[in-house]
Each structure stands twice: as C-alpha cells, then as structure tokens.
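S.K.: Here's my sequence, what's the structure:
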Amino acid sequence: MKLLRLAPENTKLGFMRLRRFSYPFSAFLSIVSVVTFLVWGMNFGIDFAGGTVLELRAKSGTADTAELRKMGEGLNIGNVEVQGFGTPSDVTLRFGVQPGGAAAQETTVSKLRDLVQANYDIRRVEVVGPRVSGELVQSGTLGVVVSIFAVLLYLWFRFEWQFAVGAIIATMHDLLLTVGFFSVTHLEFNTTSIAAILTIVGYSLNEAVVVLDRIREMMRKYKRMSTADMIDLSVNAVLPRTIMTATTVALALLALVLFGGEVIKSFSLAMMWGVVVGTYSSIFICSPILIYLGVRTEAGAKPLPTKQAPTKQEPTPAKARTA
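M.R.: Next comes the predicted model:
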C-alpha cells in the first residue's frame with residue numbers, strides 16, 4: 001500500500017536563492033505590524049480592558065442573540081458583545097467599563113437583569129475592573145517572555161550559537177507578525193489569545209528545530225558541498241514532513257473556525273496564521289540566516305594561505321670569499 005505524500009520525493013527547490021526577496025518582504029510585514037499596533041492598537045477583551053460578563057441561559061428554546069444585542073444597545077452602554085456557546089440556549093453578554101465607576105457599573109447590570117430575567121436565567125455575573133485587567137496583562141506578558149527565554153536557552157545549549165540566533169530571530173518574527181495580525185483584523189485579544197501566542201511559539205520553535213537539526217546532520221555528511229546548497233538539500237529533505245504537519249494542523253484548526261463558535265474564534269484564526277508564518281520563517285528566515293552568520297562547510301570556507309618554510313642558504317665556500 002503506497003503512503004500518501006503531499007510533496008514529491010527528492011525535490012530540489014532552491015530556497016536559498018529566494019532569501020534576497022524573503023528578508024525584505026518580512027521586514028515590510030514587520031514594519032506594518034509595528035505601525036498598525038501603534039496606530040490602531042489591540043482590541044482588548046473584557047479580561048484586559050475591564051468590564052462585565054453575564055452568562056445567560058434561555059428558559060425555553062434557543063437564545064435570541066439579535067434580540068439581546070438590541071436590548072443592550074438600547075441602554076446606550078457602548079459596545080455590547082453577544083456570543084453563543086455550548087448549547088443553543090447558552091449565551092454570554094459583555095459590555096465595557098461604564099463612566100462613573102463601580103456604582104455606574106452595578107446600575108447597568110441591574111438594568112440588564114430587569115430586561116432579560118423574564119426569558120433568561122442569569123447563571124453568572126463577572127466584573128473585571130481596570131486594576132485586575134492590568135494585572136492580567138502583566139501576568140500574561142511575563143508568562144510569554146519567560147517561556148520564550150526558557151525554550152531559547154535550551155536551543156542555545158543544544159546547537160551552536162549561530163543556530164540558536166537563527167531560531168530566536170525566527171520566533172521573534174512570528175510573534176511580531178502575530179501581534180500585527182491581531183491589530184489589523186481587530187480580533188478580540190483576551191486570555192485565550194495568550195494561549196494562542198504560546199502555542200505559536202512552540203510550533204515555530206518545533207519547525208525551526210527540525211530544520212536546524214537536519215542542517216547540522218547534513219553538515220557532517222556533505223563536508224565538500226557549499227553552504228547554500230547544503231541548506232537547500234536539508235530543507236528539501238524535511239519538506240514532506242513540514243507540508244504534512246502544516247496541512248493536518250490547518251485542517252484541525254479550520255474545523256475549529258467553522259464549528260467552534262465565537263468563543264474560540266480568535267484562538268483558531270490566530271493559530272491558523274501562526275501555522276503559516278511558523279512554516280514560512282523556518283524555511284525563509286531561520287535557515288538563510290546561517291549563511292549571513294558565517295556557518296560554512298569545508299567547501300564554503302576560505303582556504304588559509306599556506307606558509308612556505310624558509311629555505312636555508314648554503315654557506316659560501318671560503319675560497320670563493322677570498323677570491
């Protein structure tokens with residue numbers, strides 16, 4: 001029985017020739033990510049921006065999200081998010097921090113209770129203040145930074161320093177583009193998004209380690225091959241595995257996007273973006289940087305000039321000197 005292969009065997013694609021285009025393209029995307037983050041910012045969810053979440057369950061039938069959204073907008077309390085989850089009768093209603101402090105927030109919750117209690121059971125009311133949301137931002141950021149440095153420290157000891165630097169740059173590239181993705185699409189950034197970022201970091205590092213490990217193996221095997229050709233050979237060797245992994249993960253995430261509902265939509269879309277940029281960076285960012293950092297095979301190394309041993313001058317005979 002022949003196994004399914006998404007990539008042909010013995011491919012000989014010249015990936016390293018594209019590094020003159022991939023680096024300017026990635027630099028452009030990175031600049032766009034920074035600019036959009038500074039100009040548009042992030043669409044922070046209730047977890048980070050503060051606000052109130054009401055979890056409702058319809059007493060009979062299916063929850064009418066359109067009607068609930070219309071009720072919330074009628075109170076003039078700003079942006080109201082209504083999302084279904086779990087069963088068709090379950091729904092969450094979210095609104096941001098109201099001007100006037102805690103008293104205004106409690107008043108708004110009371111008004112919503114009066115509007116929905118006839119048709120819905122209020123199962124949970126969660127209030128997240130600005131102070132608590134600030135602590136969540138700090139804790140989430142600290143968790144991301146610590147996890148990244150822990151994994152990169154492992155890479156530093158496992159590979160040569162050039163390989164570790166390549167993995168670091170590729171990971172930072174993926175994180176920056178993911179932040180830009182949240183800023184451009186204006187998806188809600190919440191604690192689930194932090195989990196997505198950590199997962200993207202793990203996926204990106206895993207792809208980079210697979211490619212770097214094969215490059216190190218090929219360096220020992222093909223010592224007389226040029227560095228660019230050796231990296232191309234290594235990337236082509238792991239290409240079937242890379243395509244298979246990216247395809248299977250993308251199909252699972254596509255199912256989450258289509259059938260997972262609004263609750264995990266930002267996580268699923270961010271992960272699909274992370275699979276794309278993680279695969280791209282392992283081939284076009286992490287691998288070519290080894291050439292610029294001076295990783296060379298014997299054929300790519302410059303031969304050292306050979307020093308000739310000084311020839312000894314024969315002493316002049318005494319008769320020739322006197323003559």
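S.K.: now the longest helix anywhere in the chain, how far from the chain's geometric center?
M.R.: The longest helix of the chain (DSSP state H) is helix 227-259. Centre-to-centre, helix 227-259 and its host chain are 15 Å apart (Cα atoms, centre = their mean, to the nearest Å).
S.K.: Stretch 93-102 now?
M.R.: On Cα atoms, centre = their mean, the centre of stretch 93-102 falls 32 Å from the chain's centre.
S.K.: for stretch 252-265, same thing?
M.R.: For stretch 252-265, the distance to the chain centre is 18 Å (Cα atoms, centre = their mean).
S.K.: So, low pLDDT: which residues of the stretch 1-150 of the chain?
M.R.: 1-8, 101, 128-137, 140 (pLDDT under 70).
S.K.: And the helices in it?
M.R.: 19-39, 46-49, 65-74, 102-116, 130-158 (DSSP state H, counting those that start in this stretch).
S.K.: most neighbours per residue, which of these?
M.R.: helix 46-49 (a mean of 22; mean count of other Cβ atoms under 10 Å). Where you see a C-beta, it was placed from the backbone N, CA and C, and this is true even at glycine.
S.K.: how close does Arg241 sit to Thr178?
M.R.: 23 Å (Cβ to Cβ, to the nearest Å).
S.K.: ok now the very next helix or strand once past the longest helix of the chain, how far from the chain's centre?
M.R.: Going down the chain from helix 227-259, the next helix or strand is helix 265-284, by DSSP states H and E. Between the centre of helix 265-284 and the centre of its chain there are 6 Å (Cα atoms, centre = their mean).
S.K.: repeat for stretch 9-19
M.R.: That offset, for stretch 9-19, works out to 24 Å (Cα atoms, centre = their mean).
S.K.: still on that earlier bit, Arg241 and Thr178 - which one has more neighbours?
M.R.: Using other Cβ atoms under 10 Å as the criterion, Arg241 and Thr178 rank with Thr178 on top: 23 against 15.
S.K.: Against which helices or strands is the strand or helix carrying the more buried one packed?
M.R.: According to DSSP H and E, Thr178 maps onto helix 161-185. Counting contacts by 3 or more Cβ pairs under 8 Å, 6 or more residues apart in numbering; DSSP states H and E, helix 161-185 packs against helix 19-39, helix 130-158, helix 191-221, helix 265-284, helix 289-292.
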